[in-house]
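Engineer: Sequence and predicted model, in that order:
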Protein chains: 2
Amino acid sequence: MPKIVDHEERKALIAKATWNVIARDGLEGASVRSIAKEANLSLGAVRHYFNTQEELLEFAMQLVEEQVIERIMEHTKNPLPPKQIAINMLMELVPSDERVIEMQVWLEYTSYKLRKKELKDDPVYQGISLMINKLNEGGFLKEDLHIEEEIIHLHALIDGLALHILMGLVKIGKDRIQALIERELDRLFK
Amino acid sequence: MPKIVDHEERKALIAKATWNVIARDGLEGASVRSIAKEANLSLGAVRHYFNTQEELLEFAMQLVEEQVIERIMEHTKNPLPPKQIAINMLMELVPSDERVIEMQVWLEYTSYKLRKKELKDDPVYQGISLMINKLNEGGFLKEDLHIEEEIIHLHALIDGLALHILMGLVKIGKDRIQALIERELDRLFK
């Protein structure tokens, strides 16, 4: 009798194996074969879900996105002041120890897509843009702001911090990083 | 009679061919063979200077660094107020059309080194750190600043902007980008 396989679970297992391979060997090393080996699955089992390296990479990146979005959206459920919710959401984009791999997958994926001139919208930009626009529409932000430029500014700061944490250049703790982000929001909030 | 070869010129030619290949095919595509083809040189001519792909990459990155540092240091010669010099220096780190390739080489090199866990100090961090410390020692900055954190903040903003320009996410002009950087410096200067 064939084993019953939970397809969603198996796809997630494969995606996580993909992240490990990307973090170690880069995108070029992430072949269907190397990922099957990492996930302890047969080549056929991986090919059942993903025929090409391209499909695998897209799925692995999509799973990073979904995870981050899920974590971010959790914060909107908390009954906290809007500024505190915004800080908590933005801190999800700053990689801590266990989340460095997400950022590394993002970096590899982004440079790959950039090289192929296939980079479309950036989910982090979209997320920050959505958040700032909602806060603005809700009347929480100062009235003389140039919203588009503030989104560019905040996005640059967050991604720059995330990249530099990944690069090991940020020698201050998470609480100090949070204080830097809070200072930016103080500039925007009423 | 053998042709007389300007070795420095030829090395620069090879480095630039390397940049083009990296921008198009990524680091993995930058073999001695593909670079020789791009530079219109024989394999032997390239091997005369660089034996391994690794040596080539290091040299290509070093040339990016030297070029950027040279452009930045030019600004220190201008008799302008310190804040204006600082803005001009920082704007050299924000890629304009013709300099996007430098940023792309930097991105590829950084993710490659990160993956191999060989990333050492970052020249942009060192440069910004040096500049801010000099301005502070010269008495130009406010006295209640936490200098180390301000360097982290400014570096994140600059690199984030540079990355997002490379990604095509920044839809504002160079003058508005400069205004964002100027606003940061206003916060630091007396």
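Structural biologist: All right, it came through fine.
Engineer: Need the nearest residue in space to A:I165, chain neighbours excluded.
Structural biologist: Nearest non-adjacent residue to A:I165, counting by C-beta to C-beta, 6 or more residues apart in numbering or on different chains: A:P95, 5.5 Å away. C-beta: built from backbone N, CA, C; applies to glycine.
Engineer: is it true that that neighbour lies in a helix?
Structural biologist: No. Judged by DSSP: H, G, I helix; E, B strand; the rest coil, A:P95 forms no part of a helix; its state is coil.
Engineer: was I right about it contacting A:W106?
Structural biologist: No. Applying C-beta atoms under 8 Å as the test, A:P95 and A:W106 come out as separate, 9.3 Å apart.
Engineer: These two: which is more packed in?
Structural biologist: More crowded of A:P95 and A:W106, by other C-beta atoms under 10 Å in any protein chain shown: A:W106, with 23 against 18.
Engineer: Got the phi and psi for the more buried one?
Structural biologist: Here is the backbone geometry of A:W106 (degrees, to the nearest 10): phi -60, psi -40.
Engineer: Can you name the residues that contact it?
Structural biologist: A:M61, A:V64 (C-beta atoms under 8 Å, 6 or more residues apart in numbering or on different chains).
Engineer: Distance-wise, check it relative to A:D144.
Structural biologist: Distance of A:W106 to A:D144, given as C-beta to C-beta, to the nearest Å: 34 Å.
Engineer: and A:M61, how many neighbours does it have?
Structural biologist: Using other C-beta under 10 Å, A:M61 has 23 other residues around it.
Engineer: For it, give me the pLDDT.
Structural biologist: A:M61 carries a pLDDT value of 88.
Engineer: From the chain's centroid, how far away is the longest helix anywhere in chain A?
Structural biologist: Longest helix in chain A by number of residues (criterion: DSSP state H): helix A:53-75. Computed by C-alpha atoms, centre = their mean, to the nearest Å, the chain-centroid distance of helix A:53-75 equals 7 Å.
Engineer: Tell me the buried residues in that helix?
Structural biologist: By 16 or more other C-beta atoms under 10 Å in any protein chain shown, the buried positions in helix A:53-75 come out as A:53, A:56-57, A:59-61, A:63-65, A:68, A:71-72, A:75.
Engineer: Stretch A:77-86 now?
Structural biologist: Residues A:P82, A:K83, A:I85, A:A86 are the ones in stretch A:77-86 that count as buried (16+ other C-beta under 10 Å).
Engineer: Could you do stretch A:95-103 as well?
Structural biologist: Going by neighbour count (16+ other C-beta under 10 Å), the buried part of stretch A:95-103 is A:P95, A:R99, A:V100, A:I101, A:E102, A:M103.
Engineer: Report the secondary structure element holding the fourth one.
Structural biologist: Of the helices and strands defined by DSSP states H and E, A:I101 is found in helix A:100-115.
Engineer: Tell me the one among the buried residues of helix A:53-75 nearest to A:R47.
Structural biologist: Minimum distance to A:R47 across those is 9.9 Å, recorded for A:L56 (C-beta to C-beta).
Engineer: what's the pLDDT at the nearest residue to that closest one once chain neighbours are set aside?
Structural biologist: Distances taken as C-beta to C-beta, 6+ apart put A:F50 closest to A:L56, at 4.4 Å, once the chain neighbours are dropped. For A:F50, the pLDDT comes out at 84.
Engineer: re the thing from before, what two of the buried residues of stretch A:77-86 are the furthest from one another?
Structural biologist: A:K83 and A:I85 (7.3 Å).
Engineer: sorry, back to before: among the buried residues of helix A:53-75, which one sits closest to B:E182?
Structural biologist: Using C-beta to C-beta, A:I72 is the member of the buried residues of helix A:53-75 that sits closest to B:E182, with 31.2 Å.
Engineer: Cool, thanks, talk later.
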